[in-house]
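make a model of this:
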Amino acid sequence: MLGSIIEGNAPCNVVIGIAGDRWVATVLSFLAMTLATVGGFVNVSVDRVFIMPGEKGEPVNWPIAPRLIDLSLVEFRVLRLICSGYSLAKEIAKGYSSRFNETISLQAIERTLAKLRNKRLVNSKHSGGVLVYEETQLGRLIACS
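From the prediction side, this is the model:
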């Protein structure tokens with residue numbers, strides 16, 4: 001939800017201050033890492049991440065916001081299409097061409113889907129002789145708004 005709000009205001013620069021209980025700190029940490037992973041694809045830049053250690057402490061800056069996973073633009077776009085309901089490689093190839101105004105071969109989509117499976121961002125299952133793809137929980141966190 002926070003990622004959707006931030007993306008809705010793109011292009012933008014984000015400063016994330018982490019304070020509060022463990023749950024809030026965990027959520028904001030994952031937000032920082034997710035934005036570091038996909039921010040360049042959605043015009044969001046993470047300018048600063050810091051932690052407030054207690055009531056009287058000084059802010060502690062993260063030297064960098066680590067990426068959750070290495071992801072290419074094509075991989076991100078394919079994952080986004082899967083989040084939007086495209087589930088077959090052929091559908092994804094057509095959706096890619098129409099949504100991003102770039103042609104991409106079915107073979108390139110299949111290679112990308114294999115990479116996404118290896119990164120555990122999508123799952124696939126056989127249905128009627130074809131592979132059906134869906135995002136995993138991590139894939140949803142990274143790309144689904």
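
name the helix or strand of the protein that has the lowest mean pLDDT.
helix 2-8 (a mean of 75; mean pLDDT, DSSP states H and E).

low-confidence ranges in the chain?
Scanning the chain for pLDDT under 70 picks out the ranges 1-3.

look up phi and psi at the residue in it sticking out farthest from the centre.
The outermost residue of the chain relative to its centre, with distances by Cα atoms, centre = their mean, is residue 56 at 34.7 Å. When read as degrees, to the nearest 10, the backbone of residue 56 gives phi -110, psi 0.

on that earlier part again, off-centre distance for the least confident helix or strand of the chain?
12 Å (Cα atoms, centre = their mean, to the nearest Å).

domains in this protein, by residue range?
Domain assignment for the chain by automatic domain parsing gives 2-61, 73-143.

just name the most buried of those domains.
Ranked by average neighbour count under the criterion mean count of other Cβ atoms under 10 Å, the domains of the chain are headed by domain 73-143 at a mean of 16. (C-beta placed from N, C-alpha, C; glycine too.)

that domain: end-to-end distance?
11 Å (Cα to Cα, to the nearest Å).

in CSV, list the C-alpha atoms belonging to stretch 101-111.
Output of stretch 101-111 as CSV, limited to C-alpha atoms (Å, rounded to 0.1, in the frame of the first residue of the first chain):
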residue,chain,number,x,y,z
ASN,A,101,5.0,0.0,-27.2
GLU,A,102,7.9,-2.4,-27.7
THR,A,103,7.8,-5.7,-29.5
ILE,A,104,9.2,-8.7,-27.7
SER,A,105,9.5,-12.2,-28.9
LEU,A,106,7.7,-15.1,-27.3
GLN,A,107,11.1,-16.7,-26.8
ALA,A,108,12.4,-13.6,-24.9
ILE,A,109,9.3,-13.7,-22.7
GLU,A,110,9.8,-17.4,-22.0
ARG,A,111,13.5,-16.7,-21.0
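
can you map out the strands along the chain?
12-18, 44-51, 60-61, 122-127, 130-135 (DSSP state E).

now those in a markdown table, with distance to residue 143?
A markdown table is the format used below for these (distance: least, Cβ to Cβ, whole Å):
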| stretch | distance to residue 143 |
| --- | --- |
| strand 12-18 | 18 |
| strand 44-51 | 13 |
| strand 60-61 | 28 |
| strand 122-127 | 10 |
| strand 130-135 | 7 |
